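Participant: quick one, what's the 3D model for this:
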Amino acid sequence: MTASLRWKAIIIFALTLACLVGLAGFRKEADGKTHFKIPTSVADLNENLRHRINLGLDLRGGMHLILQVQVDEAVRTETDQVSQRLGVGLREQTIPYTDIRIVEADRLQVSGIPVASTDAFRNFINENYRDAFELLPVPGDSSAYVLVMRPAYAEGLRRDALRSSIETIRQRIDALGVVEPTIAEHGRGEWEILVQLPGVDDPARVKSIIQATAMLEIKLVHDGPFTSEQAALASRGGILPPDSMLLRSVERTREGFYIVSRSSAVTGRDLRPTARAEVDPETPGFYQVSFFLNRDGAARFGPFTEQNIGNPLAVVLDTKIYSVATIQSRIDDSGRIVGQFTLQTASDLALVLRSGALPASIRYLEERTVGPSLGADSIRQGFTASMVGLVVVILSMLLYYRGAGINATLALVLNLVILLAALAYFGATLTLPGIAGVALTIGMAVDANVLVFERIREELRTGKSVVSAVETGFDRAFTTIFDTNATTVIAAVFLFLFGTGPVRGFAVTLTIGLFANLFTAVYVSRTIFEWILGRQARPTQVSVG
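Facilitator: So this is what the prediction gives:
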């Protein structure tokens, strides 16, 4: 054996060993981590393979959801925030007004602007809100104006709400440990999100976490608690001040209604992604959620609490008061939410706070639960089809090409080992279309061998020596094999870029299989031929049918 052939054999052996180890030499243990474990029995081998190959929704079962983001809520939220900032800005600029109210989701009306302040008001709006709103006079009322959100700005808010929802849902699902979920825009132009979660065994919990808004706010309490909304309103003469709002408390020891400030000292946007569930020291057997503020939030919260020492503060989550406490001293960067949470509910709430609040609520348009029986049936039928095709191909190669057929069979088996090992190493998901990609890879691999063998036959017919025929056959067939695989890989790349779910699974397995095919059909197969010819003192024959 020459030095060159020896190095080729070492490379092939090392790659094969690495593939076998990656495919069957690791197992995911109870701690959730993957550990090296050599299988010592068939049961161990099956267990390792089961943990290394991730099955898609169509094979493993799980949840298929189509969600619709209520993007107009994001527009309404922006209008509401502008109305609050506008009131503060007008007071700072000493521009008189009597009322600011939201007329529709994308427009608000400012009333009571004196004629003498009209120019100052218009200049203020143009300087601060010209890009987002158009200022229009109200017919018949010279002191009133309407701010109408510009269509392009509203469309941007809707698009941002969709993108933020996708990212927030992805963070929440990833934290649950779901393997290879699909979370993407559905593409029907109706602000929809496609969510596919293979292997999910608690759909109710997943749904509650996905749709949780978890908008955290910390507000100053003006008065309360009251036993009813009517009692709270009666304490203010039947009308709440414009800078306050009425919220209900769900705290067990302080049930009732509170009048709180409309503006928030800090919100969920000021949180660091470090919220965590902890044992509640004041309520044995229950848990609390601790949260921490970022630099900007702490810079505002410290002075705010220092100025309001002795006043009550409410922790509000999704417009419900979870806890009310009196400010004893300055608080800079942390807080907690109590509410007799169990470990799971506290952990889920902490997860939602870490991932951020959804910019708008979502509505379920479609929900399907795919059972594992369908997955098992799909696996069995797909596996059977692939094996039958593989056996037929191998028999055909052996009958037609004889000794060279054995060469092609070895290359084909190594091709499949490399493909499955790559899926295991990359953590890719095998879907039913992915199995179709495996079957197509088998056909492409055989096609490459046929091109080489037929080319060798042609060279032998011209009277060339065996060694020269083999070398020329591989060299001249390589260009055709490369072109065929390259064009198919390009098509697979576009499928991966623009496809979703199972289509991408097909593209992944096909692409990996084609790269493996180039290696096995050209490099490995040629090495086997060189080894066979190297064993002959004077190479005079090669079995190609």
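
Participant: C-alpha from now on. contacts and neighbour counts both.
Facilitator: Noted.

Participant: hmm, His83 is touching Leu108, no?
Facilitator: Rather than His, residue 83 is Ser. Yes: if you go by CA atoms under 8 Å, Ser83 and Leu108 touch, sitting 7.2 Å apart.

Participant: so what sits against both of these two?
Facilitator: Both Ser83 and Leu108 are contacted by Ile100, Arg101, Ile102, under the criterion CA atoms under 8 Å, 6 or more residues apart in numbering.

Participant: which of those are buried, as a PyMOL select command?
Facilitator: Only the buried entries of these go into this PyMOL selection, using 16 or more other CA atoms under 10 Å:
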select buried, resi 100+101+102
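
Participant: export the shared contacts of Ser83 and Leu108 as TSV, with columns for distance to Gln93.
Facilitator: Shown next, in TSV, are the shared contacts of Ser83 and Leu108 (distance: CA to CA, whole Å):
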residue	distance to Gln93
Ile100	16
Arg101	19
Ile102	21
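
Participant: from the shared contacts of Ser83 and Leu108, which land in strands?
Facilitator: Using DSSP state E, Ile100, Arg101, Ile102 are the members of the shared contacts of Ser83 and Leu108 that sit in strands.

Participant: what about the last one, distance to Ala154?
Facilitator: Separation of Ile102 from Ala154 (CA to CA, to the nearest Å) stands at 15 Å.

Participant: the first one now?
Facilitator: Taking CA to CA as the criterion, Ile100 is separated from Ala154 by 20 Å.

Participant: what secondary structure does the residue most central in space within the chain sit in?
Facilitator: Using CA atoms, centre = their mean, the residue of the chain that lies closest to the mean C-alpha position is Arg170, 3.6 Å off. At Arg170 the chain is in helix, as set by DSSP: H, G, I helix; E, B strand; the rest coil.

Participant: just checking: what are the partner strands of the longest strand seen in the chain?
Facilitator: Counting by DSSP E, the longest strand found in the chain is strand 216-226. In the sheet, strand 216-226 lines up against strand 256-261 (antiparallel), strand 266-267 (antiparallel), strand 312-317 (antiparallel) (DSSP bridges).

Participant: ok, which of those strands comes nearest Arg461?
Facilitator: strand 266-267 (81.7 Å; CA to CA).

Participant: and that closest one, how far from the chain's centre?
Facilitator: 26 Å (CA atoms, centre = their mean, to the nearest Å).

Participant: right, and the helix or strand after it?
Facilitator: Once the chain leaves strand 266-267, the next helix or strand it forms, by DSSP states H and E, is strand 276-279.

Participant: for stretch 510-529, measure first residue to last.
Facilitator: End to end - CA to CA - stretch 510-529 spans 27 Å.

Participant: about what we covered before: and the residue nearest to the centre of the chain, what's its pLDDT?
Facilitator: Note for Arg170: predicted pLDDT of 82.

Participant: so who does it touch?
Facilitator: Contacts of Arg170 (CA under 8 Å, 6+ apart): Ile183.

Participant: how close does it get to Ala161?
Facilitator: 14 Å.

Participant: please apply the same query to Gly61.
Facilitator: Counting by CA to CA, the gap from Gly61 to Ala161 is 30 Å.

Participant: now do Leu90
Facilitator: Relative to Ala161, and taking CA to CA, Leu90 is found at 29 Å.

Participant: out of the two, which sits in the more crowded spot?
Facilitator: Ala161 (24 against 16; other CA atoms under 10 Å).

Participant: for burial, what's the neighbour tally of Phe478?
Facilitator: Count around Phe478 with other CA under 10 Å applied: 18.

Participant: Leu533 now?
Facilitator: 18.

Participant: check for me that it belongs to a strand.
Facilitator: No: if the criterion is three-state DSSP, then Leu533 is helix and not within a strand.

Participant: surely it and Ala469 touch.
Facilitator: No: with contact defined as CA under 8 Å, Leu533 does not reach Ala469; the gap is 11.7 Å.

Participant: quick one: the strands in the stretch 401-545 of the chain?
Facilitator: 429-430 (DSSP state E, counting those that start in this stretch).
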